[in-house]
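Student: Please work out how this folds:
(4 chains)
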There are 4 protein chains.
Amino acid sequence: MHTQNQALLDALNACIAACEHCATACLQEDDVKMMARCISLDRDCADICALTARYVARGSEHAAHLLGECAEICKACGDECAQHTHMQHCQECAEACRRCEAACRQGLQAA
Amino acid sequence: MHTQNQALLDALNACIAACEHCATACLQEDDVKMMARCISLDRDCADICALTARYVARGSEHAAHLLGECAEICKACGDECAQHTHMQHCQECAEACRRCEAACRQGLQAA
Amino acid sequence: MHTQNQALLDALNACIAACEHCATACLQEDDVKMMARCISLDRDCADICALTARYVARGSEHAAHLLGECAEICKACGDECAQHTHMQHCQECAEACRRCEAACRQGLQAA
Amino acid sequence: MHTQNQALLDALNACIAACEHCATACLQEDDVKMMARCISLDRDCADICALTARYVARGSEHAAHLLGECAEICKACGDECAQHTHMQHCQECAEACRRCEAACRQGLQAA
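Tutor: This is a model prediction of the structure:
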């Protein structure tokens, strides 16, 4: 049963890792101040993806509710990261956020 | 700033502790099968309260979105626990869930 | 940088999903009482794996300390699950726990 | 049963909130770069306190193992925050970390 959600879990877990890595890398940039909003959104995004992954893996009846919120926060984080065009960690994070947002919306339709 | 949210954080943290304690106590009951849904909801409820508390404490722009979901899941968990009238841990958990649900809805109106 | 930890993250994430799924499946068994310790360990194991994954992904200086604890709890959970030889979810969880324990110990040596 | 751990849970929850608030406030400082290590430790500290609180509340057999790690990370975070003498959020966080470290060590002795 839980294997049919594997693609969604993979997208969520990739997004968590990308956000955590992005936040750490942002803190090592010369101009950290410019990255402050990115770091804040990385925190929020990693946290909601982690909770959503737990709900999905356990087959929670509340998983669908979380998927919508998770998609919104992934979008906000991805939009911010996408603006930092010269930073590879932000570009990678933006891509992971977009894939996760899409996976959440797909999961929502299937629910 | 974060002190003005202290009552909300207290309600969330009390609910986490009550749900964790209730799940453990349910697993020690003679008829665990009867408690299965209670344990499942305890897990979901503790997890969303924990995330919501983090968002509230950090002043996240997404805190308000979580408060609504959190209130819903607290209500579901509290309703289930309230049915187990002979078990003190369930009654305590039902009370903590109701207080947390109310605090979340109040926090939502203030947001 | 975070890609070199990908195998470890994969093992941790697979263990989280297996534990969450196992706990839910245990709660649906006829004899839930027999599964009570399994469910308890599933909760602990999923939680420490989730924290360890976050530390590893962010390159935390404290990741190494967590890896040892995580390996211990994976071992405890895997040992318990392995005893339930007739339940596929427990056997799958035992396997995920063992792989995760090994990955944590390997990560510990590399640290 | 779980009420006897209330002082420990209160210290853990206060530390989570102080770390989350401190990280957000650090990100709003003019010189964010100077706060980078503080923000990193705030993340680690809030996360381990959150896990430890869950283990304590559920009466996990692994709670004692976590208390030692949690105390170490609280100490590291508190030491860093204490150095930022002109920032109230850091001073408050340092105090919360020290109280939590002490509570964890006390809990460890009682275990």
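
Student: ok, A:E72 - contacts?
Tutor: Residues near A:E72 by Cβ atoms under 8 Å, 6 or more residues apart in numbering or on different chains: B:62, B:65. For every residue, glycine as well, the C-beta is placed using N, CA and C.

Student: Quick check: residues of chain A near chain D?
Tutor: Residues of chain A lying close to chain D (Cβ under 8 Å from any Cβ of the partner chain) are A:23-24, A:27-28, A:30-33, A:35-36, A:39-40, A:43.

Student: Can you select the buried ones among those residues for me in ChimeraX?
Tutor: Selection of the buried residues among the residues of chain A next to chain D in ChimeraX, burial being defined by 16 or more other Cβ atoms under 10 Å in any protein chain shown:
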select /A:23,24,27,32,33,35,36,39,40,43
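
Student: So which of the residues of chain A next to chain D reach chain C?
Tutor: Under the cut-off given by Cβ under 8 Å from any Cβ, chain C has A:23-24 from those close to it.

Student: helix, strand or coil for A:E61?
Tutor: coil (DSSP: H, G, I helix; E, B strand; the rest coil).

Student: list the contacts for A:C19?
Tutor: By Cβ under 8 Å, 6+ apart, the contact set of A:C19 is A:42-43, A:45-46, A:49, A:77, A:93, A:96-97.

Student: show me where chain A has helices.
Tutor: For chain A, the helices defined by DSSP state H occupy A:6-27, A:36-58, A:63-83, A:88-110.

Student: For the residue of chain A most remote from its centre, give its distance to A:R43.
Tutor: The C-alpha centroid of chain A is most remote from A:D30, which lies 24.6 Å away (Cα atoms, centre = their mean). In this view, A:D30 and A:R43 are 21 Å apart by Cβ to Cβ, to the nearest Å.

Student: From A:L12, how far off is the residue in chain A that chain B sits nearest to?
Tutor: The nearest approach of chain A to chain B comes at A:L51, 4.9 Å away (Cβ to the nearest Cβ). Using Cβ to Cβ, we find A:L51 at a distance of 10 Å from A:L12.

Student: Please produce a markdown table containing the helices of chain A, extended by mean pLDDT.
Tutor: Output for these, formatted as a markdown table (pLDDT from 0 to 100):
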| stretch | mean pLDDT |
| --- | --- |
| helix A:6-27 | 97 |
| helix A:36-58 | 98 |
| helix A:63-83 | 97 |
| helix A:88-110 | 96 |
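
Student: closest to D:C104 out of the ones you listed?
Tutor: Taking Cβ to Cβ, helix A:36-58 is the member of those nearest to D:C104, at 22.9 Å.

Student: Which other helices and strands does the closest one contact?
Tutor: Packing partners of helix A:36-58 (3 or more Cβ pairs under 8 Å, 6 or more residues apart in numbering or on different chains; DSSP states H and E): helix A:6-27, helix A:63-83, helix A:88-110, helix B:36-58, helix C:6-27, helix C:36-58, helix D:6-27.

Student: ok, 7 Å please
Tutor: Taking 3 or more Cβ pairs under 7 Å, 6 or more residues apart in numbering or on different chains; DSSP states H and E as contact, the helices and strands that helix A:36-58 lies on are helix A:6-27, helix A:63-83, helix A:88-110, helix B:36-58, helix C:6-27, helix D:6-27.

Student: For the last one, buried residues please.
Tutor: It stands for helix D:6-27. Under the neighbour-count criterion of 16+ other Cβ under 10 Å, helix D:6-27 has D:8-27 buried.

Student: again with the second one
Tutor: For helix A:63-83, the buried set under the neighbour-count rule, 16+ other Cβ under 10 Å, comprises A:63, A:65-78, A:80-81.

Student: Can you check the pLDDT for A:H2?
Tutor: Note on A:H2: pLDDT of 50.

Student: hmm, back to that, give me the buried entries from the contacts of A:C19.
Tutor: Judged by 16+ other Cβ under 10 Å, buried ones among these: A:42-43, A:45-46, A:49, A:77, A:93, A:96-97.

Student: between these, which is closest to B:A111?
Tutor: Nearest to B:A111 among the buried ones among the contacts of A:C19, with distances taken as Cβ to Cβ, is A:R43, at 18.8 Å.
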